[in-house]
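Engineer: coordinates only, sequence not included:
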């Protein structure tokens, strides 16, 4: 019997769902509302020098990769299943497209993090 | 040969029942979570490109469109968070302590408390890392 890829993608969906449930609202608030508006946190919180130093650290790399990659796996996996709910018939091709996009985003993220850390 | 079969039109089936309406609100959070990840990935790309590109990205985050998006995303991600813990008694394997199954309520409350604690921790970690501007 061919092994299913379902457990892998479901685990990544679950991990992304858990991470976004734990810190998603706060991250959206900080990076999307508080810092850009200078509300509660100064706009310099996300200055070029500070962010570069953050992604140069091991913890920063891991945190950025976890958020971007797992949010992508979570969101795109759920989006794929939503297609069925809105009447779009899904098959292997669409499944590959949605999971492929998450994989591509992850690969791009790893590449950029390695490039940023030098 | 591909046979053409009748496909019942679906329409806006979820509009007719509040349970399904809330279900669709929850599912729609996937759009903003994906978009948020793309925004961050784009920011990382600009960071690697250099100071000029990164400052342009930061500037675009302050635009009314970007702030509007995040203001819409915030309640949706929060709703995702709440529903994630609300179904956790069903998504987790049974947990038994001293022969008794952990109550659903305990699982949900622990999840919500963990999310609040993690959020406070994240905010404080960022807050204390910012150099204070002396008056």
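Structural biologist: Arrived safely, thanks for sending. Because the structure is a prediction, the values reported are computed rather than measured.
Engineer: Would you mind pointing out the helix or strand the residue positioned nearest the centre of chain B falls in?
Structural biologist: Centroid check for chain B by C-alpha atoms, centre = their mean gives residue B:77 as the closest residue, at 3.2 Å. Assigned by DSSP states H and E, residue B:77 falls within helix B:64-86.
Engineer: Tell me the predicted confidence for the residue lying closest to residue A:86 once chain neighbours are set aside.
Structural biologist: Computed as C-beta to C-beta, 6 or more residues apart in numbering or on different chains, the closest residue to residue A:86 that is not its neighbour in sequence is residue B:10, at 7.2 Å. For glycine as for every other residue, the C-beta is placed from the backbone atoms N, C-alpha and C. In this prediction, residue B:10 carries a pLDDT score of 79.
Engineer: Phi, psi for residue B:10 please.
Structural biologist: Backbone torsions for residue B:10, taken as degrees, to the nearest 10, come to phi -100, psi -30.
Engineer: Tell me the spacing between it and residue B:64.
Structural biologist: Distance of residue B:10 to residue B:64, given as C-beta to C-beta, to the nearest Å: 35 Å.
Engineer: quick one, which of these two is more surrounded?
Structural biologist: For residue B:10 versus residue B:64, neighbours defined as other C-beta atoms under 10 Å in any protein chain shown are more numerous around residue B:10 (12 against 8).
Engineer: Please verify my assumption that that one contacts residue A:88.
Structural biologist: No: here residue B:10 does not reach residue A:88: they are 9.6 Å apart, not a contact under C-beta atoms under 8 Å.
Engineer: Just confirm yes or no for the helix holding residue B:77 near chain A.
Structural biologist: Yes: Helix B:64-86 reaches chain A (C-beta under 8 Å from any C-beta of the partner chain) through B:66-67, B:69-71, B:73-74, B:77-78, B:80-81, B:84-85.
Engineer: residues making contact with that helix?
Structural biologist: A:17-18, A:20-22, A:24-25, A:28-29, A:31-33, A:36-37, B:25-26, B:28-29, B:32-33, B:35-36, B:39, B:60-61, B:107-108, B:111-112, B:115 (C-beta atoms under 8 Å, 6 or more residues apart in numbering or on different chains).
Engineer: Could you pick out the buried ones from those residues?
Structural biologist: Neighbour counting by 16 or more other C-beta atoms under 10 Å in any protein chain shown classes A:17-18, A:20-22, A:24-25, A:28-29, A:31-33, A:36, B:26, B:28-29, B:32-33, B:36, B:39, B:61, B:107-108, B:111-112, B:115 among those as buried.
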